[in-house]
Each structure stands twice: as structure tokens, then as C-alpha cells.
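S.K.: 3D, please:
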Amino acid sequence: MDASNNAINRCPWCGNAADYQEYHDKVWGRPVYDSHDLFAKLCLDGQQAGLSWITILRKQQGYEAAFLQLNPEALHAIQGRDREAFVATQMQNSNIVRNRLKIESIFRNADGYMKLQNEGIDFNEFLWSFVGSKPIVNYPKTMGDVPTSTAESEAMSKALKKMGFNFVGPTIVYAFMQAVGMVNDHLVDCDFRDVD
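M.R.: Residues are numbered from 1 along each chain as shown. As a prediction, the model looks like this:
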């Protein structure tokens with residue numbers, strides 16, 4: 001960052017909201033390698049479908065509290081009538097988006113996560129394999145230079161769906177890849193582009 005003045009250059013998508021700027025500055029685009037953290041972020045990105053990310057960001061703590069800290073093993077362990085009751089309870093929870101398909105998707109994703117694990121496949125390695133196990137660095141000058149999906153996100157989306165995940169279309173997956181640092185899409189003049 002340029003210390004000569006107080007002006008901070010950020011990617012314009014985060015606007016002027018303090019919580020959105022903090023997310024941009026400290027979270028978005030920083031590589032994530034923990035399998036549980038990746039699972040949680042993928043589930044939250046799926047909740048964004050049809051909504052703005054800021055809506056889900058502001059409900060993140062609500063999701064974590066409602067869904068056992070988004071722990072895939074714990075969620076997968078809830079089966080049958082217990083799962084149906086859990087979904088019914090969350091349909092009354094104003095701290096999350098009350099959409100039955102989206103609520104059920106978190107459980108479907110947990111089942112997919114465990115399917116991979118039971119096949120001896122680490123979720124972290126599985127996801128990062130789509131970018132050759134290292135971040136793809138792009139050099140966008142404007143938001144118009146940033147794609148909404150790529151061949152990599154399409155391949156990841158297809159593979160996730162095959163494992164039973166849902167709300168993982170190529171556009172959602174690409175947003176996820178950007179957020180967890182698999183892709184660096186900070187604009188070239190963004191002060192947070194190369195922050196470790």
C-alpha cells in the first residue's frame with residue numbers, strides 16, 4: 001500500500017461497507033488449504049445463488065451456529081428423520097436464508113465430502129488439483145476483465161456434482177475459487193493484490 005497518502009485502492013466490488021471491505025482486505029483471494037475451511041466456504045458460496053455475497057457474509061455466523069460450525073463429518077452423521085427434523089427447524093431460523101433446497105444442499109455437500117474421504121481422497125487436494133495445486137494469477141485491469149467462469153471452474157463443478165454436491169454450478173464455483181485464493185483476481189492496481 002502507498003503510505004504517502006490515506007487513499008486505499010481496492011477492487012470496486014466491495015463498495016463502501018466496512019464489513020465488505022474487511023472481507024476483501026483480509027479474506028478474499030488468500031489461499032485456503034484446510035479441507036474443513038474449504039468445505040465451509042463452498043457451502044456458503046452455494047447459499048449465495050440468486051443473492052449478493054454480502055447477504056451471506058452477514059449471515060455467516062448464523063450458518064456456523066446453525067450447521068455445527070459447517071463440520072462435514074458432524075453434518076453427515078445426521079441422517080434420516082433426524083436430518084428431516086433439522087431441516088424443518090432451520091426453515092424457521094431467521095439467521096440464515098430459509099430456502100429448503102439450500103438448507104438440504106449443505107447436507108448433500110457433507111455427504112459428498114464424506115464420499116470423497118471414504119475413497120481416500122483429501123478434499124483439499126481434490127479441489128486444488130483443478131488449478132495444478134497452485135494459485136492461478138490473473139492480471140485484470142477492470143472488473144470487465146474478470147470472468148464469471150472458466151474451464152477450471154467448469155471442470156470442478158462437474159466433478160463436484162458427480163460426487164453429489166449441489167449449488168456448485170461453474171459460476172458459483174469460480175466465485176469460490178476466487179475467494180479461497182485458487183485464482184488471484186484482485187485488480188492490478190488493488191493494494192491487496194499481493195498481500196500475504
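
S.K.: and Val131, how many neighbours does it have?
M.R.: Look at Val131: counted by other C-beta atoms under 10 Å, it has 18 neighbours. Using the backbone N, CA and C atoms, a C-beta is placed for each residue, glycine as well.

S.K.: Enumerate every residue touching it.
M.R.: Neighbour list for Val131: 152, 177, 182-183 [criterion: C-beta atoms under 8 Å, 6 or more residues apart in numbering].

S.K.: Inside strands: which ones of the residues you listed?
M.R.: Those of these mapping onto strands are Val183, per DSSP state E.

S.K.: Of the contacts of Val131, which is the nearest to Ser133?
M.R.: Nearest to Ser133 out of the contacts of Val131 is Met182 (C-beta to C-beta; 9.7 Å).

S.K.: show me what contacts the closest one?
M.R.: 31, 127-128, 130-131, 135-136, 152.

S.K.: how near is it to Val27?
M.R.: 14 Å (C-beta to C-beta, to the nearest Å).

S.K.: Can you report how many residues neighbour the closest residue in space to Arg30 that isn't next to it in sequence?
M.R.: Among residues not flanking Arg30 along the chain, Gly181 sits closest, at 5.0 Å (C-beta to C-beta, 6 or more residues apart in numbering). Close neighbours of Gly181, defined as other C-beta under 10 Å, add up to 19.

S.K.: Remind me which helix or strand the nearest residue to Phe126 once chain neighbours are set aside belongs to.
M.R.: Of all residues not flanking Phe126 in the chain, Leu116 sits nearest, at 5.9 Å (C-beta to C-beta, 6+ apart). Using DSSP states H and E, Leu116 sits within helix 100-118.

S.K.: Would you mind identifying the next helix or strand past that helix?
M.R.: helix 123-128.

S.K.: Give the buried residues for that following helix.
M.R.: By neighbour count with 16 or more other C-beta atoms under 10 Å, helix 123-128 contains the buried residues 123-124, 126-128.

S.K.: Can you name the next helix or strand after it?
M.R.: strand 136-137.

S.K.: Output stretch 33-48 as PDB, nothing but the C-alphas.
M.R.: The C-alpha trace of stretch 33-48 is given here as PDB (Å, rounded to 0.1, in the frame of the first residue of the first chain):
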ATOM      1  CA  TYR A  33      -5.800 -25.200   2.200                       C
ATOM      2  CA  ASP A  34      -7.700 -26.600   5.200                       C
ATOM      3  CA  SER A  35     -10.300 -29.100   4.000                       C
ATOM      4  CA  HIS A  36     -12.900 -28.100   6.600                       C
ATOM      5  CA  ASP A  37     -12.500 -24.400   5.800                       C
ATOM      6  CA  LEU A  38     -12.800 -25.100   2.100                       C
ATOM      7  CA  PHE A  39     -16.000 -27.200   2.700                       C
ATOM      8  CA  ALA A  40     -17.500 -24.400   4.700                       C
ATOM      9  CA  LYS A  41     -16.700 -21.700   2.100                       C
ATOM     10  CA  LEU A  42     -18.100 -23.900  -0.700                       C
ATOM     11  CA  CYS A  43     -21.300 -24.300   1.200                       C
ATOM     12  CA  LEU A  44     -21.600 -20.600   1.900                       C
ATOM     13  CA  ASP A  45     -21.000 -19.700  -1.700                       C
ATOM     14  CA  GLY A  46     -23.800 -22.100  -2.700                       C
ATOM     15  CA  GLN A  47     -26.100 -20.200  -0.400                       C
ATOM     16  CA  GLN A  48     -25.300 -17.100  -2.400                       C
END
